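A.B. asks: Just a sequence and a predicted model for now, questions to come.
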Amino acid sequence: MEAEPFHITNPQHVDNAPREVPTPSRRVPRAPVRLGLQRRAQSNFRRHFLRGLRRFVILLTADLASFYVMRELVRAVRDHAVLGETASALVQRWLPAGILNGWQYAVALFVGLLVLGNYGPGDQRRDAKRLFLACALATALPLWMTIWSRGVEVAVVQYVLTSVLVWLGILAERQLLDSVVGRVQPNPRDLLTTLFVGPAEACRETSETAAFASDSEYRPIGFVDTHIPPAPSALGHIVDFASVLHDTSAEAIVVCGYLNDSRFHDIVDAALTSGCKVLAVPRSIEIAGVEPKLVWRHDQPLVELTTPTLRGGQLIVKRLVDVVGASVAFVVASPLMLLLAVLVKIDSRGPIFFRQHRVGRGGRLFKIFKFRTMVAGAEQRREELQGQSIYADRRLFKIVSDPRLTRLGRWLRRTSLDELPQLFNVLKGDMSLVGPRPPIPSEVDLYEAHHYARFDVRPGMTGPWQVAGRNVITDFEQIVALETRYIRDWSLLGDIGILFRTVFVVLRMRGAL
(Lines give C-alpha, C1' and ligand atoms only; values in the text may rest on other atoms or scores of the structure.)
Protein backbone atom coordinates (compact mmCIF):
# COMPACT_ATOMS: atom_id res chain seq x y z
CA MET A 1 0.00 0.00 0.00
CA GLU A 2 1.04 3.61 -0.38
CA ALA A 3 0.79 5.84 2.69
CA GLU A 4 -0.44 9.42 2.54
CA PRO A 5 1.88 12.40 3.26
CA PHE A 6 2.09 12.80 7.00
CA HIS A 7 1.67 15.59 9.51
CA ILE A 8 2.80 14.95 13.05
CA THR A 9 0.21 16.12 15.54
CA ASN A 10 0.55 16.09 19.30
CA PRO A 11 3.81 14.08 19.32
CA GLN A 12 4.39 12.00 22.44
CA HIS A 13 7.66 11.79 24.40
CA VAL A 14 9.87 14.00 22.29
CA ASP A 15 12.92 13.57 24.56
CA ASN A 16 15.88 11.90 22.89
CA ALA A 17 16.72 9.36 25.62
CA PRO A 18 16.76 5.83 24.22
CA ARG A 19 14.29 3.43 25.81
CA GLU A 20 14.26 -0.35 25.69
CA VAL A 21 10.72 -1.58 25.23
CA PRO A 22 9.19 -5.04 24.93
CA THR A 23 8.73 -6.24 21.39
CA PRO A 24 5.06 -6.27 20.38
CA SER A 25 3.74 -8.86 17.95
CA ARG A 26 4.44 -8.00 14.35
CA ARG A 27 1.79 -7.81 11.69
CA VAL A 28 3.77 -10.11 9.40
CA PRO A 29 6.17 -12.92 10.37
CA ARG A 30 9.79 -11.80 10.30
CA ALA A 31 11.09 -14.12 7.57
CA PRO A 32 8.32 -13.37 5.00
CA VAL A 33 8.82 -9.63 5.64
CA ARG A 34 12.54 -9.89 4.88
CA LEU A 35 11.85 -11.91 1.73
CA GLY A 36 9.39 -9.25 0.66
CA LEU A 37 12.02 -6.55 1.25
CA GLN A 38 14.54 -8.51 -0.83
CA ARG A 39 12.06 -8.82 -3.70
CA ARG A 40 11.37 -5.09 -3.43
CA ALA A 41 15.10 -4.37 -3.70
CA GLN A 42 15.27 -5.10 -7.43
CA SER A 43 12.52 -2.59 -8.15
CA ASN A 44 14.21 0.05 -5.98
CA PHE A 45 17.62 -0.55 -7.57
CA ARG A 46 16.07 -0.17 -11.02
CA ARG A 47 14.34 3.08 -10.10
CA HIS A 48 17.51 4.51 -8.50
CA PHE A 49 19.54 3.57 -11.59
CA LEU A 50 17.04 5.12 -14.00
CA ARG A 51 16.92 8.33 -11.95
CA GLY A 52 20.71 8.56 -11.96
CA LEU A 53 20.88 7.81 -15.68
CA ARG A 54 18.24 10.41 -16.48
CA ARG A 55 20.09 13.03 -14.40
CA PHE A 56 23.38 12.16 -16.12
CA VAL A 57 21.94 12.38 -19.65
CA ILE A 58 20.17 15.69 -19.00
CA LEU A 59 23.23 17.29 -17.40
CA LEU A 60 25.60 16.00 -20.10
CA THR A 61 23.33 17.25 -22.89
CA ALA A 62 22.95 20.66 -21.23
CA ASP A 63 26.72 20.92 -20.57
CA LEU A 64 27.61 20.17 -24.19
CA ALA A 65 24.97 22.62 -25.41
CA SER A 66 26.38 25.29 -23.09
CA PHE A 67 29.92 24.62 -24.34
CA TYR A 68 28.90 24.92 -27.99
CA VAL A 69 27.00 28.15 -27.26
CA MET A 70 30.12 29.66 -25.66
CA ARG A 71 32.21 28.40 -28.60
CA GLU A 72 29.92 30.04 -31.14
CA LEU A 73 29.90 33.30 -29.18
CA VAL A 74 33.72 33.38 -29.25
CA ARG A 75 33.68 32.64 -32.98
CA ALA A 76 31.12 35.36 -33.62
CA VAL A 77 33.28 37.96 -31.89
CA ARG A 78 36.60 36.68 -33.26
CA ASP A 79 35.77 35.55 -36.82
CA HIS A 80 32.73 37.64 -37.70
CA ALA A 81 33.58 40.81 -35.73
CA VAL A 82 30.07 41.24 -34.33
CA LEU A 83 31.51 43.60 -31.69
CA GLY A 84 33.82 45.41 -34.08
CA GLU A 85 37.30 44.94 -35.48
CA THR A 86 39.08 45.97 -32.28
CA ALA A 87 37.34 43.30 -30.21
CA SER A 88 37.89 40.80 -33.02
CA ALA A 89 41.64 41.49 -33.10
CA LEU A 90 41.90 41.23 -29.29
CA VAL A 91 40.09 37.90 -29.17
CA GLN A 92 42.11 36.65 -32.15
CA ARG A 93 45.31 37.37 -30.24
CA TRP A 94 44.40 35.61 -27.02
CA LEU A 95 41.87 33.03 -28.20
CA PRO A 96 42.96 32.08 -31.71
CA ALA A 97 41.31 29.39 -33.82
CA GLY A 98 41.91 26.01 -32.25
CA ILE A 99 40.98 27.09 -28.72
CA LEU A 100 37.68 25.50 -27.66
CA ASN A 101 38.24 23.14 -30.55
CA GLY A 102 35.18 21.01 -31.16
CA TRP A 103 34.94 17.47 -29.88
CA GLN A 104 38.44 17.44 -28.35
CA TYR A 105 37.55 20.10 -25.79
CA ALA A 106 34.08 18.64 -25.33
CA VAL A 107 35.65 15.31 -24.34
CA ALA A 108 38.09 17.07 -22.00
CA LEU A 109 35.20 18.97 -20.42
CA PHE A 110 33.25 15.78 -19.91
CA VAL A 111 36.26 14.12 -18.26
CA GLY A 112 36.80 17.14 -15.99
CA LEU A 113 33.16 17.26 -14.88
CA LEU A 114 33.08 13.50 -14.37
CA VAL A 115 36.30 13.41 -12.32
CA LEU A 116 35.16 16.28 -10.07
CA GLY A 117 31.82 14.57 -9.39
CA ASN A 118 29.63 17.14 -11.12
CA TYR A 119 27.24 14.49 -12.43
CA GLY A 120 26.52 13.13 -8.97
CA PRO A 121 23.42 13.58 -6.80
CA GLY A 122 22.75 16.36 -4.33
CA ASP A 123 24.48 19.73 -4.35
CA GLN A 124 27.67 18.59 -6.09
CA ARG A 125 26.24 19.13 -9.55
CA ARG A 126 25.71 22.87 -8.90
CA ASP A 127 28.74 23.57 -6.69
CA ALA A 128 30.50 26.57 -8.29
CA LYS A 129 33.96 25.62 -6.98
CA ARG A 130 33.77 22.07 -8.31
CA LEU A 131 32.47 23.31 -11.66
CA PHE A 132 35.36 25.77 -11.94
CA LEU A 133 37.95 23.12 -11.11
CA ALA A 134 36.41 20.81 -13.72
CA CYS A 135 36.59 23.55 -16.38
CA ALA A 136 40.16 24.39 -15.35
CA LEU A 137 41.14 20.73 -15.69
CA ALA A 138 39.42 20.48 -19.08
CA THR A 139 41.25 23.56 -20.34
CA ALA A 140 44.62 22.33 -19.09
CA LEU A 141 44.47 19.14 -21.15
CA PRO A 142 44.38 20.64 -24.68
CA LEU A 143 46.50 23.71 -23.75
CA TRP A 144 49.51 21.70 -22.56
CA MET A 145 51.26 21.87 -25.95
CA THR A 146 50.69 25.63 -26.21
CA ILE A 147 53.28 26.19 -23.47
CA TRP A 148 55.98 24.80 -25.77
CA SER A 149 54.75 26.28 -29.04
CA ARG A 150 53.70 29.82 -28.00
CA GLY A 151 55.26 30.41 -24.59
CA VAL A 152 54.11 30.42 -20.97
CA GLU A 153 52.54 33.92 -21.02
CA VAL A 154 50.21 33.21 -23.92
CA ALA A 155 49.31 29.78 -22.52
CA VAL A 156 48.46 31.24 -19.09
CA VAL A 157 46.23 33.96 -20.56
CA GLN A 158 44.50 31.46 -22.85
CA TYR A 159 44.11 29.08 -19.93
CA VAL A 160 42.49 31.65 -17.64
CA LEU A 161 40.22 33.13 -20.33
CA THR A 162 39.07 29.76 -21.62
CA SER A 163 38.49 28.31 -18.15
CA VAL A 164 36.49 31.33 -16.99
CA LEU A 165 34.40 31.53 -20.18
CA VAL A 166 33.47 27.86 -20.12
CA TRP A 167 32.90 27.93 -16.35
CA LEU A 168 30.53 30.90 -16.62
CA GLY A 169 28.61 29.11 -19.35
CA ILE A 170 28.38 25.84 -17.41
CA LEU A 171 27.49 27.63 -14.15
CA ALA A 172 24.74 29.66 -15.85
CA GLU A 173 23.44 26.52 -17.56
CA ARG A 174 23.27 24.53 -14.30
CA GLN A 175 21.50 27.39 -12.49
CA LEU A 176 19.06 27.80 -15.39
CA LEU A 177 18.42 24.06 -15.37
CA ASP A 178 17.73 24.11 -11.62
CA SER A 179 15.41 27.08 -12.09
CA VAL A 180 13.47 25.31 -14.84
CA VAL A 181 13.25 22.12 -12.78
CA GLY A 182 12.08 24.15 -9.77
CA ARG A 183 9.29 25.76 -11.77
CA VAL A 184 8.03 22.53 -13.27
CA GLN A 185 5.80 20.57 -10.92
CA PRO A 186 7.51 17.18 -10.52
CA ASN A 187 5.54 14.05 -11.22
CA PRO A 188 4.83 12.40 -7.84
CA ARG A 189 5.66 9.03 -9.41
CA ASP A 190 9.23 10.24 -10.03
CA LEU A 191 9.84 11.23 -6.41
CA LEU A 192 11.46 8.97 -3.83
CA THR A 193 8.87 7.88 -1.28
CA THR A 194 10.60 8.67 2.00
CA LEU A 195 10.09 7.16 5.45
CA PHE A 196 11.52 8.85 8.56
CA VAL A 197 12.71 6.98 11.66
CA GLY A 198 13.23 8.59 15.06
CA PRO A 199 11.46 10.60 17.76
CA ALA A 200 8.26 12.20 16.47
CA GLU A 201 9.44 15.78 16.88
CA ALA A 202 12.82 15.09 15.23
CA CYS A 203 11.08 13.44 12.27
CA ARG A 204 8.69 16.36 11.90
CA GLU A 205 11.47 18.95 12.00
CA THR A 206 13.60 17.04 9.51
CA SER A 207 10.74 16.50 7.09
CA GLU A 208 10.07 20.26 7.06
CA THR A 209 13.63 21.22 6.09
CA ALA A 210 14.55 22.37 2.57
CA ALA A 211 16.15 19.00 1.79
CA PHE A 212 12.70 17.39 1.77
CA ALA A 213 10.65 20.33 0.46
CA SER A 214 8.15 19.99 -2.37
CA ASP A 215 10.81 20.88 -4.95
CA SER A 216 13.20 18.16 -3.78
CA GLU A 217 13.47 14.59 -5.07
CA TYR A 218 11.87 13.20 -1.90
CA ARG A 219 8.20 12.70 -1.01
CA PRO A 220 7.65 12.13 2.75
CA ILE A 221 5.05 9.45 3.40
CA GLY A 222 5.26 9.07 7.17
CA PHE A 223 7.47 8.22 10.12
CA VAL A 224 8.23 5.42 12.55
CA ASP A 225 8.44 6.54 16.17
CA THR A 226 11.16 5.38 18.58
CA HIS A 227 9.18 6.12 21.73
CA ILE A 228 6.37 4.24 23.37
CA PRO A 229 3.58 4.78 23.03
CA PRO A 230 4.20 6.07 19.49
CA ALA A 231 2.70 9.38 18.42
CA PRO A 232 -0.87 9.10 17.05
CA SER A 233 0.27 10.10 13.56
CA ALA A 234 3.10 7.52 13.47
CA LEU A 235 2.89 4.62 11.03
CA GLY A 236 4.20 2.36 13.75
CA HIS A 237 6.82 1.78 16.42
CA ILE A 238 10.46 1.11 15.63
CA VAL A 239 10.11 -2.59 16.46
CA ASP A 240 7.64 -2.73 13.54
CA PHE A 241 10.02 -0.98 11.16
CA ALA A 242 10.50 -3.92 8.77
CA SER A 243 6.73 -4.39 8.50
CA VAL A 244 6.11 -0.68 7.88
CA LEU A 245 8.88 -0.62 5.29
CA HIS A 246 7.34 -3.65 3.59
CA ASP A 247 3.82 -2.16 3.60
CA THR A 248 4.76 1.33 2.43
CA SER A 249 7.29 0.25 -0.24
CA ALA A 250 9.45 3.23 0.77
CA GLU A 251 12.48 3.99 -1.41
CA ALA A 252 14.43 6.22 1.00
CA ILE A 253 14.91 6.03 4.77
CA VAL A 254 15.93 9.03 6.88
CA VAL A 255 17.24 8.35 10.39
CA CYS A 256 16.55 11.29 12.74
CA GLY A 257 17.66 11.74 16.32
CA TYR A 258 19.36 9.13 18.50
CA LEU A 259 19.22 5.37 17.96
CA ASN A 260 21.29 2.88 19.91
CA ASP A 261 23.69 0.66 17.95
CA SER A 262 21.37 -2.34 17.89
CA ARG A 263 18.37 -0.37 16.63
CA PHE A 264 20.48 1.49 14.09
CA HIS A 265 21.92 -1.79 12.77
CA ASP A 266 18.42 -3.28 12.34
CA ILE A 267 17.15 -0.18 10.53
CA VAL A 268 20.09 0.00 8.13
CA ASP A 269 20.05 -3.75 7.50
CA ALA A 270 16.33 -3.79 6.63
CA ALA A 271 16.58 -0.63 4.51
CA LEU A 272 19.57 -1.82 2.48
CA THR A 273 17.98 -5.24 2.08
CA SER A 274 15.04 -3.46 0.47
CA GLY A 275 17.35 -1.47 -1.82
CA CYS A 276 16.47 1.82 -0.14
CA LYS A 277 18.66 4.89 0.06
CA VAL A 278 19.63 5.45 3.70
CA LEU A 279 20.19 8.98 4.95
CA ALA A 280 21.16 9.97 8.49
CA VAL A 281 20.83 13.47 9.91
CA PRO A 282 24.12 14.27 11.73
CA ARG A 283 23.57 15.09 15.38
CA SER A 284 25.95 18.04 15.02
CA ILE A 285 23.44 20.04 12.99
CA GLU A 286 21.44 20.41 16.19
CA ILE A 287 24.26 22.69 17.39
CA ALA A 288 23.90 25.93 15.48
CA GLY A 289 26.97 27.06 13.60
CA VAL A 290 28.72 23.66 13.82
CA GLU A 291 29.64 21.75 10.67
CA PRO A 292 30.33 17.98 10.56
CA LYS A 293 33.26 16.64 8.53
CA LEU A 294 34.12 12.97 8.08
CA VAL A 295 37.80 12.15 8.70
CA TRP A 296 39.62 8.82 8.82
CA ARG A 297 42.20 7.91 11.48
CA HIS A 298 43.82 4.45 11.23
CA ASP A 299 40.84 3.09 9.28
CA GLN A 300 38.43 4.47 11.90
CA PRO A 301 35.82 6.98 10.60
CA LEU A 302 35.39 9.98 12.89
CA VAL A 303 33.11 13.00 12.63
CA GLU A 304 35.05 16.22 13.21
CA LEU A 305 32.97 19.19 14.33
CA THR A 306 34.15 22.59 13.11
CA THR A 307 32.78 26.09 13.00
CA PRO A 308 32.28 27.72 9.61
CA THR A 309 35.05 30.31 9.58
CA LEU A 310 37.99 31.42 7.47
CA ARG A 311 41.42 30.20 8.50
CA GLY A 312 45.11 30.57 7.68
CA GLY A 313 45.80 31.29 4.03
CA GLN A 314 42.19 32.24 3.33
CA LEU A 315 42.42 35.14 5.79
CA ILE A 316 45.68 36.33 4.22
CA VAL A 317 44.27 36.20 0.70
CA LYS A 318 41.06 37.95 1.74
CA ARG A 319 42.96 40.73 3.54
CA LEU A 320 45.29 41.22 0.58
CA VAL A 321 42.32 41.55 -1.78
CA ASP A 322 40.67 43.99 0.65
CA VAL A 323 43.73 46.27 0.81
CA VAL A 324 44.34 46.26 -2.95
CA GLY A 325 40.65 46.57 -3.83
CA ALA A 326 39.91 49.32 -1.30
CA SER A 327 43.02 51.28 -2.36
CA VAL A 328 42.07 51.18 -6.04
CA ALA A 329 38.43 51.99 -5.26
CA PHE A 330 39.45 54.89 -3.03
CA VAL A 331 41.65 56.43 -5.75
CA VAL A 332 38.96 56.00 -8.41
CA ALA A 333 36.14 57.29 -6.18
CA SER A 334 38.06 60.21 -4.60
CA PRO A 335 36.65 62.90 -6.95
CA LEU A 336 33.10 61.65 -6.38
CA MET A 337 33.61 61.44 -2.61
CA LEU A 338 34.93 65.00 -2.55
CA LEU A 339 31.89 66.22 -4.48
CA LEU A 340 29.51 64.34 -2.19
CA ALA A 341 31.22 65.76 0.88
CA VAL A 342 30.64 69.31 -0.41
CA LEU A 343 26.98 68.52 -1.24
CA VAL A 344 26.35 67.03 2.22
CA LYS A 345 27.75 70.18 3.85
CA ILE A 346 25.62 72.45 1.65
CA ASP A 347 22.43 70.39 1.96
CA SER A 348 21.99 70.54 5.76
CA ARG A 349 23.67 71.56 8.99
CA GLY A 350 25.91 69.06 10.69
CA PRO A 351 29.11 67.08 10.10
CA ILE A 352 29.95 65.56 6.72
CA PHE A 353 30.47 62.07 8.10
CA PHE A 354 28.20 59.97 10.26
CA ARG A 355 30.13 57.83 12.75
CA GLN A 356 28.57 55.05 14.75
CA HIS A 357 29.80 52.17 16.91
CA ARG A 358 29.35 48.79 15.27
CA VAL A 359 30.30 45.27 16.35
CA GLY A 360 33.00 43.66 14.26
CA ARG A 361 35.10 40.51 14.20
CA GLY A 362 35.34 38.83 17.58
CA GLY A 363 32.76 41.24 19.03
CA ARG A 364 35.21 44.17 18.91
CA LEU A 365 33.65 47.64 18.67
CA PHE A 366 34.74 49.98 15.91
CA LYS A 367 33.47 53.24 14.44
CA ILE A 368 31.91 52.96 11.02
CA PHE A 369 32.09 55.90 8.59
CA LYS A 370 29.30 56.98 6.27
CA PHE A 371 28.27 60.19 4.58
CA ARG A 372 25.67 61.79 6.83
CA THR A 373 22.18 61.21 5.43
CA MET A 374 20.09 62.28 8.44
CA VAL A 375 19.47 65.45 10.40
CA ALA A 376 21.36 66.16 13.61
CA GLY A 377 20.17 64.10 16.61
CA ALA A 378 18.52 61.46 14.42
CA GLU A 379 19.87 58.52 16.44
CA GLN A 380 18.00 59.69 19.55
CA ARG A 381 14.70 59.10 17.69
CA ARG A 382 15.43 55.45 16.86
CA GLU A 383 13.35 54.01 19.72
CA GLU A 384 10.51 56.39 18.90
CA LEU A 385 10.41 55.09 15.32
CA GLN A 386 11.04 51.41 16.10
CA GLY A 387 7.38 50.55 15.61
CA GLN A 388 7.53 51.79 11.99
CA SER A 389 10.38 49.44 11.03
CA ILE A 390 9.75 47.16 8.05
CA TYR A 391 11.23 44.37 10.20
CA ALA A 392 9.18 42.78 12.95
CA ASP A 393 12.45 41.63 14.55
CA ARG A 394 14.11 44.29 16.76
CA ARG A 395 17.51 42.99 15.70
CA LEU A 396 16.94 44.75 12.38
CA PHE A 397 15.80 48.32 11.76
CA LYS A 398 14.76 50.22 8.64
CA ILE A 399 11.71 52.37 7.94
CA VAL A 400 10.05 53.53 4.77
CA SER A 401 10.11 57.30 4.18
CA ASP A 402 12.35 57.91 7.18
CA PRO A 403 11.48 61.43 8.45
CA ARG A 404 15.04 61.88 9.70
CA LEU A 405 16.54 61.79 6.21
CA THR A 406 17.74 64.95 4.50
CA ARG A 407 16.89 65.67 0.86
CA LEU A 408 20.31 64.59 -0.33
CA GLY A 409 20.41 61.78 2.23
CA ARG A 410 17.40 60.05 0.70
CA TRP A 411 19.16 59.87 -2.66
CA LEU A 412 22.44 58.76 -1.08
CA ARG A 413 20.64 55.92 0.68
CA ARG A 414 18.92 54.72 -2.50
CA THR A 415 22.19 54.70 -4.44
CA SER A 416 24.26 53.38 -1.48
CA LEU A 417 26.80 56.15 -2.13
CA ASP A 418 26.61 57.05 1.56
CA GLU A 419 28.66 53.91 2.25
CA LEU A 420 31.71 54.92 0.20
CA PRO A 421 33.59 56.24 3.29
CA GLN A 422 33.60 52.67 4.61
CA LEU A 423 36.63 52.21 2.36
CA PHE A 424 38.47 53.88 5.27
CA ASN A 425 37.24 51.10 7.55
CA VAL A 426 38.45 48.46 5.09
CA LEU A 427 41.92 50.02 4.88
CA LYS A 428 42.08 50.28 8.67
CA GLY A 429 41.23 46.58 8.99
CA ASP A 430 37.90 47.05 10.76
CA MET A 431 35.91 45.82 7.77
CA SER A 432 36.23 43.82 4.57
CA LEU A 433 34.91 44.53 1.09
CA VAL A 434 32.64 41.49 1.44
CA GLY A 435 31.29 40.03 4.65
CA PRO A 436 28.34 39.93 7.06
CA ARG A 437 26.43 43.10 7.91
CA PRO A 438 27.94 44.95 10.93
CA PRO A 439 25.25 45.34 13.63
CA ILE A 440 25.00 47.96 16.36
CA PRO A 441 25.56 46.95 20.02
CA SER A 442 21.89 47.23 21.00
CA GLU A 443 20.98 44.67 18.31
CA VAL A 444 23.71 42.30 19.49
CA ASP A 445 22.27 42.44 23.01
CA LEU A 446 19.26 40.52 21.62
CA TYR A 447 21.31 37.83 19.86
CA GLU A 448 21.10 34.14 20.64
CA ALA A 449 24.21 31.97 20.83
CA HIS A 450 24.24 30.79 17.20
CA HIS A 451 23.99 34.34 15.87
CA TYR A 452 27.52 35.08 17.03
CA ALA A 453 28.90 32.98 14.14
CA ARG A 454 28.75 36.13 11.99
CA PHE A 455 31.53 37.65 14.14
CA ASP A 456 34.04 35.00 13.04
CA VAL A 457 35.08 37.25 10.14
CA ARG A 458 35.29 40.98 9.49
CA PRO A 459 31.99 42.61 8.53
CA GLY A 460 31.67 43.77 4.94
CA MET A 461 30.68 46.81 2.92
CA THR A 462 28.53 44.37 0.96
CA GLY A 463 27.64 40.75 1.50
CA PRO A 464 25.34 37.85 0.69
CA TRP A 465 22.30 39.51 2.27
CA GLN A 466 22.72 42.72 0.28
CA VAL A 467 23.00 40.99 -3.09
CA ALA A 468 20.13 38.64 -2.25
CA GLY A 469 17.88 41.71 -1.88
CA ARG A 470 18.54 44.59 0.46
CA ASN A 471 15.58 44.95 2.82
CA VAL A 472 13.68 42.32 0.81
CA ILE A 473 14.76 39.41 3.03
CA THR A 474 13.23 40.39 6.37
CA ASP A 475 13.70 37.17 8.36
CA PHE A 476 16.71 37.59 10.66
CA GLU A 477 17.32 33.84 10.89
CA GLN A 478 17.44 33.65 7.10
CA ILE A 479 19.96 36.51 7.03
CA VAL A 480 22.19 34.74 9.56
CA ALA A 481 21.88 31.51 7.53
CA LEU A 482 22.99 33.34 4.37
CA GLU A 483 25.99 34.84 6.14
CA THR A 484 26.95 31.58 7.86
CA ARG A 485 26.84 29.77 4.52
CA TYR A 486 29.01 32.51 3.01
CA ILE A 487 31.63 32.02 5.74
CA ARG A 488 31.52 28.22 5.42
CA ASP A 489 31.81 28.20 1.62
CA TRP A 490 34.13 31.21 1.26
CA SER A 491 36.19 31.51 -1.92
CA LEU A 492 37.92 34.36 -3.71
CA LEU A 493 35.72 33.80 -6.75
CA GLY A 494 32.68 33.99 -4.51
CA ASP A 495 33.78 37.40 -3.18
CA ILE A 496 34.39 38.66 -6.70
CA GLY A 497 30.96 37.42 -7.71
CA ILE A 498 29.30 39.25 -4.81
CA LEU A 499 31.14 42.48 -5.70
CA PHE A 500 29.92 42.28 -9.31
CA ARG A 501 26.38 41.46 -8.19
CA THR A 502 26.51 44.41 -5.79
CA VAL A 503 27.10 46.78 -8.71
CA PHE A 504 23.99 45.49 -10.49
CA VAL A 505 21.91 45.55 -7.29
CA VAL A 506 22.92 49.16 -6.58
CA LEU A 507 22.28 50.28 -10.16
CA ARG A 508 18.83 48.70 -10.06
CA MET A 509 18.28 50.03 -6.50
CA ARG A 510 16.85 46.61 -5.69
CA GLY A 511 15.45 46.51 -2.18
CA ALA A 512 16.66 50.06 -1.45
CA LEU A 513 14.55 52.47 0.58
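C.D. replies: That came through fine.
A.B. asks: CA only for contacts and neighbour counts going forward, please
C.D. replies: Will do.
A.B. asks: And the closest residue in space to residue 435 that isn't next to it in sequence, how far from residue 417?
C.D. replies: Distance criterion Cα to Cα, 6 or more residues apart in numbering; nearest residue to residue 435, sequence neighbours excluded, is residue 460 at 3.8 Å. According to Cα to Cα, to the nearest Å, residue 460 and residue 417 sit 15 Å apart.
A.B. asks: Compare these two and say which is more crowded by neighbours.
C.D. replies: Shown here are residue 460 and residue 417; by other Cα atoms under 10 Å, residue 460 has more neighbours (21 against 17).
A.B. asks: Look up phi and psi at that one.
C.D. replies: The phi/psi pair for residue 460 (degrees, to the nearest 10) reads phi -120, psi 160.
A.B. asks: ok now do residue 458, which residues does it touch?
C.D. replies: When contacts are counted by Cα atoms under 8 Å, 6 or more residues apart in numbering, residue 458 touches 360, 361, 430, 431, 432, 435, 436.
A.B. asks: Please, which helix or strand holds it?
C.D. replies: Per DSSP states H and E, residue 458 falls between elements, in no helix or strand.
A.B. asks: try residue 160
C.D. replies: Here residue 160 sits within helix 152-183, counting by DSSP H and E.
A.B. asks: what's the offset of stretch 455-469 from the middle of its chain?
C.D. replies: Here the centre of stretch 455-469 is set off from its chain's centre by 14 Å, with Cα atoms, centre = their mean, to the nearest Å.
A.B. asks: show me what contacts the closest residue to residue 395 other than its chain neighbours?
C.D. replies: Among residues not flanking residue 395 along the chain, residue 443 sits closest, at 4.7 Å (Cα to Cα, 6+ apart). By Cα under 8 Å, 6+ apart, the contact set of residue 443 is 394, 395, 396.
A.B. asks: what does residue 459 give?
C.D. replies: Residues near residue 459 by Cα under 8 Å, 6+ apart: 360, 361, 430, 431, 432, 434, 435, 436, 437, 438.
A.B. asks: wait, isn't residue 197 in contact with residue 206?
C.D. replies: No - judged on Cα atoms under 8 Å, residue 197 makes no contact with residue 206 at a distance of 10.3 Å.
A.B. asks: if you count what's nearby, which of those two comes out ahead?
C.D. replies: residue 197 (27 against 17).
A.B. asks: so what does the host helix or strand of that one touch, helix or strand wise?
C.D. replies: Assessed by DSSP H and E, residue 197 sits inside strand 192-198. Contacts defined by 3 or more Cα pairs under 8 Å, 6 or more residues apart in numbering; DSSP states H and E place strand 192-198 against helix 200-207, strand 218-225, strand 252-255.
A.B. asks: Now for residue 270, how many residues are close by?
C.D. replies: Residue 270 has 20 neighbours, counted by other Cα under 10 Å.
A.B. asks: about what we covered before: the helices and strands packed on strand 192-198: which one's closest to residue 264?
C.D. replies: Among the helices and strands packed on strand 192-198, strand 252-255 comes nearest to residue 264, with 8.4 Å by Cα to Cα.
A.B. asks: Any buried residues in the helix or strand just after that closest one, and which?
C.D. replies: Next helix or strand after strand 252-255 toward the C-terminus (DSSP H and E): helix 261-273. By neighbour count with 16 or more other Cα atoms under 10 Å, helix 261-273 contains the buried residues 263, 267, 268, 270, 271, 272, 273.
A.B. asks: before we move on, what about stretch 415-435?
C.D. replies: Using 16+ other Cα under 10 Å as the burial criterion, the residues of stretch 415-435 that qualify are 415-427, 430-435.
A.B. asks: ditto for stretch 381-400
C.D. replies: For stretch 381-400, by 16+ other Cα under 10 Å, it's 386, 388, 389, 391, 395, 396, 397.
A.B. asks: just these now: which is nearest residue 499?
C.D. replies: Taking the buried residues of stretch 381-400 together and measuring to residue 499 by Cα to Cα, the closest member is residue 396, at 23.1 Å.
A.B. asks: which residues touch residue 419?
C.D. replies: So residue 419 contacts 369, 370, 371, 461 (Cα under 8 Å, 6+ apart).
A.B. asks: where in the stretch 51-200 of the chain is pLDDT low?
C.D. replies: Across the stretch 51-200 of the chain, the ranges flagged by pLDDT under 70 are 97-102, 121-124, 141-156, 158, 181-189.
A.B. asks: Need the pLDDT of residue 330.
C.D. replies: Looking at residue 330, its pLDDT is 91.
A.B. asks: Name the nearest residue to it, sequence neighbours excluded.
C.D. replies: residue 423 (6.6 Å).
A.B. asks: what's near enough to touch that neighbour?
C.D. replies: By Cα under 8 Å, 6+ apart, the contact set of residue 423 is 326, 327, 329, 330, 433.
A.B. asks: Quick check: which element contains it?
C.D. replies: Assigned by DSSP H and E, residue 423 belongs to helix 422-428.
A.B. asks: All the strands of the chain, in order from the start?
C.D. replies: Per DSSP state E, the chain carries strands over the ranges 97-100, 192-198, 218-225, 236-237, 252-255, 277-280, 291-297, 300-306, 353-359, 365-371, 432-434, 460-462.
A.B. asks: what mean pLDDT does the fifth one have?
C.D. replies: Over the span of strand 252-255, the pLDDT mean works out to 88.
A.B. asks: Next, name the residue at the spatial heart of the chain.
C.D. replies: Nearest to the mean C-alpha position of the chain, by Cα atoms, centre = their mean, lies residue 485 at 5.7 Å.
A.B. asks: circling back to that earlier point, run through the bridge partners of the residue nearest to residue 435.
C.D. replies: Per DSSP bridges, the residues bridged to residue 460 are residue 432.
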